[in-house]
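Colleague: predicted model, plus sequence, below.
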Amino acid sequence: MNTNEDQDLTLQVQNLLAEAIQVPLELVTPDLAFGDLPQWDSLGHMEVMLKLEEQYGVAIDADRIARLISIPEICRFLQEDHHGN
């Protein structure tokens, strides 16, 4: 992926996460991780995972849920497993 595609994906994930945990987008930085915001707790994390599955048509198993704990990790997963890169 080129830099613009990386930035686009990061912004998409930021938007998805902001919607899932119901916080303003400006609070969701590109390097945000689980626990950085009180709303991104275990319940919020499940909302994020459900939205990822819904929006990107991916299946996320329990092991992967435990590893997808930051925006960079989520983007890497989507690039490798969804986009086939």
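Modeller: Received, thanks.
Colleague: low-scoring stretches of this structure, by residue?
Modeller: The model of the chain has pLDDT under 70 over residues 1-2, 82-85.
Colleague: can you rerun that using 90?
Modeller: For the chain, residues meeting the criterion pLDDT under 90 lie at 1-6, 80-85.
Colleague: run the chain-centre distance for the helix ranked longest in it.
Modeller: Determined from DSSP state H, the single longest helix within the chain is helix 3-21. Between the centre of helix 3-21 and the centre of its chain there are 7 Å (CA atoms, centre = their mean, to the nearest Å).
Colleague: now stretch 61-72
Modeller: Remark: stretch 61-72 is offset 9 Å from the chain centroid, using CA atoms, centre = their mean.
Colleague: from the opening residue of it to its closing one, how far?
Modeller: 18 Å (CA to CA, to the nearest Å).
Colleague: repeat for stretch 17-36
Modeller: Length of stretch 17-36, first residue to last, CA to CA: 12 Å.
Colleague: can you list contacts of it?
Modeller: Here stretch 17-36 makes contact (CB atoms under 8 Å, 6 or more residues apart in numbering) with 10, 14-15, 37, 39-41, 44-45, 47-48, 50-51, 69-72, 74. Just so you know, the C-beta spots here come from the backbone N, C-alpha and C atoms, and that holds for glycine as well.
Colleague: sorry, back to before: from the contact counts, what lies against the helix or strand immediately after the longest helix of the chain in the chain?
Modeller: Downstream of helix 3-21, the first helix or strand assigned by DSSP states H and E is helix 42-56. Judged by 3 or more CB pairs under 8 Å, 6 or more residues apart in numbering; DSSP states H and E, helix 42-56 is in contact with helix 3-21, helix 62-67.
Colleague: mind giving me JSON lines with those and columns for mean neighbour count and distance to Q55?
Modeller: What follows is the helices and strands packed on helix 42-56, written out as JSON lines (neighbours: other CB atoms under 10 Å; distance: least, CB to CB, whole Å):
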{"stretch": "helix 3-21", "mean neighbour count": "16", "distance to Q55": "6"}
{"stretch": "helix 62-67", "mean neighbour count": "11", "distance to Q55": "16"}
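Colleague: could you dump those helices to JSON lines with distance to L27?
Modeller: Below are the helices and strands packed on helix 42-56 laid out as JSON lines (distance: least, CB to CB, whole Å):
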{"stretch": "helix 3-21", "distance to L27": "7"}
{"stretch": "helix 62-67", "distance to L27": "22"}
